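>>> Structure for this input, please:
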Amino acid sequence: MGGCAELSLLQLFLDKTGSYNQTEIQGASEAYIKDKINQQLGLVGSYLGSPVKKDGKIISAKATTMNMIIRSKGRIEECKEYELKMIEAVNSKEFTGGLKAYPLTMRSFNDLISGTIQGDLDILAMGYFLIFIYVSLNLGRRNSVEQRIWLSIIGIVSVGMGIASAYGICQALGFFFTGMHGILPFLMLGVGIDDMFVILQAWENLTEQEQSESLVIRFGIAMKHAGVAVTITSVTDLLAFFIGGTTVIPALSSFCVYAAFGILFIFIYQTTFFLAWFSFDQRRVEDVRDGCVCCWKKTDWEPSKCSRVDILTIFFRYVGRSLNTVVGKILVLLATVIFLAFGIYGTVTLTTEFDYSEWVEKGTYLRHYMDEQSEHFPSDGQPATLYTTDIDYHKDLSSLNNLVNELKGMKDHLKSESVDSWVEPFINYTNIANKNSGKDLLPDNENYSKEQFKVDLLSFLSSSGRPYSTKFEFDDSNPPNVLLSKISYNHLQFSSTADRIVAMDEVFNVIDKYRFTGDVFASGESYGNLITTKIITEELIRNIAISLVVIFLSNLFLIGDIVAGFLVLITVTITVVNVAGFSNFWGLSIDTVFAIFVTISIGLCVDYSAHIAHCFMTESGERSERMMNTMEKIGPAVLNGGLSTFVAFVLLSLSKSKVFFSFFKIFFLVVWFGLFHGLLFLPVVLSLIGPASHRDEEGSLQQNMEDTFRQQKKGVSNNAFENDTPPTISSRLSSGRAEVPNTPAIPGSMDDM
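Model prediction:
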């Protein structure tokens with residue numbers, strides 16, 4: 001390295017050679033040190049925190065800072081190693097008199113955030129074990145033969161295969177990988193497990209007549225229902241994530257693309273790899289082989305009565321009956337309205353905030369440093385700088401002067417006295433030095449030349465303008481051209497990120513009012529985060545809106561009914577509003593993490609309601625009867641899917657990092673409101689205004705076709721069938737079954753499958 005410069009109170013004890021006077025330091029008394037500080041307060045005053053004054057003099061302070069600047073000369077790795085050793089040295093040092101020291105280096109933030117995230121990933125890994133336990137208990141029956149432990153492992157393995165495939169293809173396509181992507185395996189696990197439960201539930205829903213068919217036929221019948229349901233949710237999730245991938249925020253875009261490919265490959269493996277192993281496992285069950293030791297074939301085995309009882313099916317049977325009552329409907333709708341009212345209020349009052357300290361785990365040395373700095377060295381407003389590059393100063397001097405005056409007048413956004421500009425002092429100096437008058441007065445002198453400006457600027461910087469010399473960069477010509485100039489200013493101290501964004505935008509708007517010959521722009525340490533937060537807010541609204549449209553169109557196409565698609569859209573929209581609103585009540589605000597997690601949660605919100613809507617459309621009978629059948633047939637799978645997702649990340653409730661604890665909060669709300677609206681609200685709405693069944697319409701169409709065939713054989717046309725609206729086909733919003741007599745289905749119809 002190229003050495004180190006130190007800025008601290010020790011500067012008071014530098015000798016003429018620039019070295020510390022050790023004799024003076026060791027012999028200095030408290031009174032002597034105080035006198036030295038007060039004598040050179042302009043030099044070291046900024047290093048004192050929470051100073052106490054008496055009679056205009058500093059008599060004590062509660063904190064001090066020591067700044068060390070490393071001259072790296074491009075040897076970055078050596079600098080990082082030095083920083084690490086410094087951190088270890090400071091943290092291990094024990095001081096007397098209650099003195100405490102906390103270090104801060106360039107690597108501190110990244111080290112601690114990465115370490116916390118890695119620790120939370122270890123916690124998430126335990127979620128896989130919990131998922132395995134949950135799936136093993138719920139995928140099969142509770143007896144030695146019909147339990148499906150190995151199939152549970154295969155299901156989890158198929159999810160892992162999908163994740164690995166997604167990682168591979170995304171890396172090949174050039175999408176970068178960040179620490180945030182570590183969440184994907186657990187997010188994808190919840191999605192994949194949901195597909196498993198839907199497939200198993202379709203198998204359990206086979207009728208006695210269907211169960212008497214061959215194994216191949218039975219799997220075909222089960223997948224006729226489960227395949228459509230899984231396809232609907234997978235395609236919808238896939239499209240929602242790809243929409244998120246179009247955002248201009250690189251981290252969010254990459255995350256969503258990884259997730260989209262993960263959904264795609266998990267769908268492929270679940271409907272092929274998992275299904276193939278499922279058929280093997282079912283052969284094992286029918287051959288009465290043990291669920292753990294598959295080579296152990298049992299004789300004279302009968303399942304216990306307890307294991308044959310499907311608790312969730314019975315539970316949802318009662319839930320469906322309860323929802324079919326007037327009281328049940330009123331209670332669900334009333335609860336939905338109350339939740340939605342709070343959700344809307346929370347969403348409207350959701351603020352945009354970004355605080356670095358919230359990302360750092362409490363109790364760490366960096367968090368201590370940030371807390372002490374905030375207490376003893378409070379910010380005097382965020383500093384920023386106005387840069388001018390490649391402009392013709394002799395032409396733009398008037399515009400530049402007007403711009404500076406406007407900045408000074410922005411008293412609602414800037415500290416006018418903090419605007420440190422060379423423009424006005426230069427104009428005053430030049431007018432006096434050159435004895436300008438009338439039309440020759442700057443900055444409005446139209447005949448002012450470039451060469452004259454360069455001469456005047458050098459004269460100004462070598463005399464009264466010397467303090468401004470550090471605000472210029474020159475080339476090597478003689479006289480030199482100005483490559484860059486700087487004008488610094490400070491914003492007011494704002495309490496919210498939203499106010500900081502407004503102040504920043506006002507500065508940008510003022511700059512945009514003027515037309516310069518080169519580039520004039522403002523930048524500050526906080527501007528990058530403020531711009532990112534602003535973009536995130538706009539992108540979040542955009543992504544949600546587009547995703548909801550895509551969800552409606554995909555469900556309209558896949559479910560095949562505009563009313564059902566619209567009801568799913570309403571259900572998902574209410575869920576998203578409630579998730580955003582209650583996130584506000586839980587202490588979250590709009591930032592990068594919030595935007596990412598809410599965007600990816602949209603795809604999961606649709607799963608709960610899409611399964612219900614699809615199953616409802618395949619049931620026949622009155623609306624209430626179809627709703628109760630839907631609850632009994634698909635309700636257990638939807639509940640298991642939601643609970644398995646919750647189990648995957650429940651341990652993150654113990655997380656100390658903002659990233660993962662925010663993940664827990666948002667996805668807890670997604671699961672809760674997703675299940676509430678999917679299993680309670682939507683069934684009630686479907687029982688009241690649900691569309692007619694696909695099965696009823698197919699039956700009506702088949703009946704008309706058979707009538708037409710019979711009448712054509714007799715030479716009579718079927719006028720009803722030729723009309724645009726056949727009287728025998730019920731309306732989409734008909735409250736009952738289509739008025740079609742019971743007739744045998746024609747060969748090749750859906751009923752023969």
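
>>> Neighbours of Tyr429, how many?
Residue neighbour count, defined by other CB atoms under 10 Å, stands at 20 for Tyr429. For glycine as for every other residue, the C-beta is placed from the backbone atoms N, C-alpha and C.

>>> which residues touch it?
Taking CB atoms under 8 Å, 6 or more residues apart in numbering as the definition of contact, the neighbours of Tyr429 are Ser459, Phe460, Ser463, Ser464, Gly465.

>>> Give me the PyMOL select line for those, limited to the buried ones.
Buried subset of those, written as a PyMOL selection, criterion 16 or more other CB atoms under 10 Å:
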select buried, resi 459+460+465
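
>>> Switch the contacts of Tyr429 over to CSV, and while doing so, append secondary structure to every line.
Supplementary listing: the contacts of Tyr429 in CSV, determined by DSSP: H, G, I helix; E, B strand; the rest coil:
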residue, secondary structure
Ser459, helix
Phe460, helix
Ser463, coil
Ser464, coil
Gly465, coil
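
>>> Pick out the most distant pair among the contacts of Tyr429.
In terms of CB to CB, the contacts of Tyr429 reach their longest pairwise distance at Ser459 and Ser464, which sit 9.7 Å apart.

>>> Tell me if Asp300 really is in a helix.
No - assessed with three-state DSSP, Asp300 is coil; it does not lie in a helix.

>>> Mind jotting down where the strands sit in the stretch 301-450 of the chain?
383-389 (DSSP state E, counting those that start in this stretch).

>>> where does it dip in pLDDT?
For the stretch 301-450 of the chain, applying pLDDT under 70 flags the ranges 356-359.

>>> Looks like Val482 contacts Ser469 (just checking).
No - shown here, Val482 and Ser469 do not form a contact pair, counting by CB atoms under 8 Å, at 11.8 Å.

>>> starting at the chain centroid, how far to the longest strand along the chain?
Under DSSP state E, the strand in the chain containing the largest number of residues is strand 482-490. Here the centre of strand 482-490 is set off from its chain's centre by 37 Å, with CA atoms, centre = their mean, to the nearest Å.

>>> Name the residues that touch it?
Among residues not part of strand 482-490, those counted as contacts by CB under 8 Å, 6+ apart are 380-390, 393, 404, 407, 414-415, 418-423, 454, 457, 471-475.

>>> quick one on the thing from earlier: and which of the contacts of Tyr429 is nearest Leu686?
The nearest one, if we look at the contacts of Tyr429 relative to Leu686 and count by CB to CB, is Gly465, at 77.2 Å.

>>> Test for you: state the pLDDT assigned to the closest one.
pLDDT recorded at Gly465 is 88.

>>> can you pull out the strands in this structure?
4-7, 48-49, 52-54, 57-60, 63-64, 67-70, 383-389, 472-474, 482-490, 519-524.

>>> which one of those lies closest to Arg289?
Evaluated with CB to CB, the strands of the chain place strand 67-70 nearest to Arg289, the distance being 68.2 Å.

>>> give the contact list for Val423.
Counting by CB under 8 Å, 6+ apart, Val423 has contacts Leu397, Leu400, Asn401, Val404, Pro443, Ile487.

>>> Export those as a markdown table, with columns for neighbour count and distance to Phe278.
Shown next, in a markdown table, are the contacts of Val423 (neighbours: other CB atoms under 10 Å; distance: CB to CB, whole Å):
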| residue | neighbour count | distance to Phe278 |
| --- | --- | --- |
| Leu397 | 21 | 79 |
| Leu400 | 26 | 74 |
| Asn401 | 18 | 78 |
| Val404 | 19 | 73 |
| Pro443 | 20 | 81 |
| Ile487 | 22 | 70 |
